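In: Task: produce atomic coordinates for the following.
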Amino acid sequence: MESLTKRRIGTAVVNLMVNAIIVNVLEETVLKRVKRPVIRGIVTQSVVDVVMETVQLRLTDGRTVGSRVMGLRVVSQDNQPLKTTQILKRIAYREVFTAGKFFKDRQRYLEDASVLPEDEFAKTRVIRDGR
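Out: The predicted structure follows:
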């Protein structure tokens, strides 16, 4: 497995841990009174994931906490600053379609992890930070 693939996996793991901490804090403080498990279990996690990734990528020039730790950055293919619509397209496509498309052509994506299906759709790519 290529180094960029490993770094992207590491980024996802770090982001997942950070978001899980935030969800737990929210559930213990703000959502104590919410009795519906669907809201507490599914909606909260999904909303936190989308908001955290969008805010981080938008405000920190294409970096999330995980990508900073792993030395990666998301950039637009046209070398313009990331747009909020690109970020949201990337997240939505990844959550809905990426797994299917990835497994159909996994060898290609494992060889060059700079552009995964969600990046193709949103016209973004992942680079090593500093390049």
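In: C-alpha only now, for contacts and for neighbours.
Out: OK.
In: how close does Leu72 sit to Ile39?
Out: 32 Å (C-alpha to C-alpha, to the nearest Å).
In: Let me see the mean pLDDT of the helix or strand where Leu16 lies.
Out: Applying DSSP states H and E as the criterion places Leu16 in helix 3-29. In this model, helix 3-29 has a mean pLDDT of 92.
In: List the contacts of the lowest-mean-pLDDT helix or strand in the chain.
Out: Least confident helix or strand of the chain, by mean pLDDT, DSSP states H and E, is helix 37-38 with a mean of 74. Where contact means C-alpha atoms under 8 Å, 6 or more residues apart in numbering, no residue beyond helix 37-38 reaches it.
In: which element follows that helix toward the C-terminus?
Out: Heading C-terminal from helix 37-38 (DSSP H and E), you reach helix 44-59.
In: Just the CA trace of that following helix, in PDB.
Out: C-alpha atoms of helix 44-59 as PDB (Å, rounded to 0.1, in the frame of the first residue of the first chain):
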ATOM      1  CA  THR A  44     -25.600  13.800  16.200                       C
ATOM      2  CA  GLN A  45     -22.600  11.800  14.800                       C
ATOM      3  CA  SER A  46     -23.500  12.600  11.200                       C
ATOM      4  CA  VAL A  47     -24.000  16.300  11.900                       C
ATOM      5  CA  VAL A  48     -20.800  16.600  13.900                       C
ATOM      6  CA  ASP A  49     -18.800  14.800  11.100                       C
ATOM      7  CA  VAL A  50     -20.100  17.100   8.400                       C
ATOM      8  CA  VAL A  51     -19.800  20.300  10.300                       C
ATOM      9  CA  MET A  52     -16.300  19.600  11.700                       C
ATOM     10  CA  GLU A  53     -14.900  18.600   8.300                       C
ATOM     11  CA  THR A  54     -16.500  21.500   6.500                       C
ATOM     12  CA  VAL A  55     -15.400  24.100   9.100                       C
ATOM     13  CA  GLN A  56     -11.800  22.700   9.400                       C
ATOM     14  CA  LEU A  57     -11.200  22.400   5.600                       C
ATOM     15  CA  ARG A  58     -12.700  25.800   5.000                       C
ATOM     16  CA  LEU A  59     -10.900  27.700   7.800                       C
END
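In: Buried residues, it. List them.
Out: Residues Thr44, Gln45, Val48, Asp49, Met52, Glu53, Thr54, Leu57, Arg58 are the ones in helix 44-59 that count as buried (16 or more other C-alpha atoms under 10 Å).
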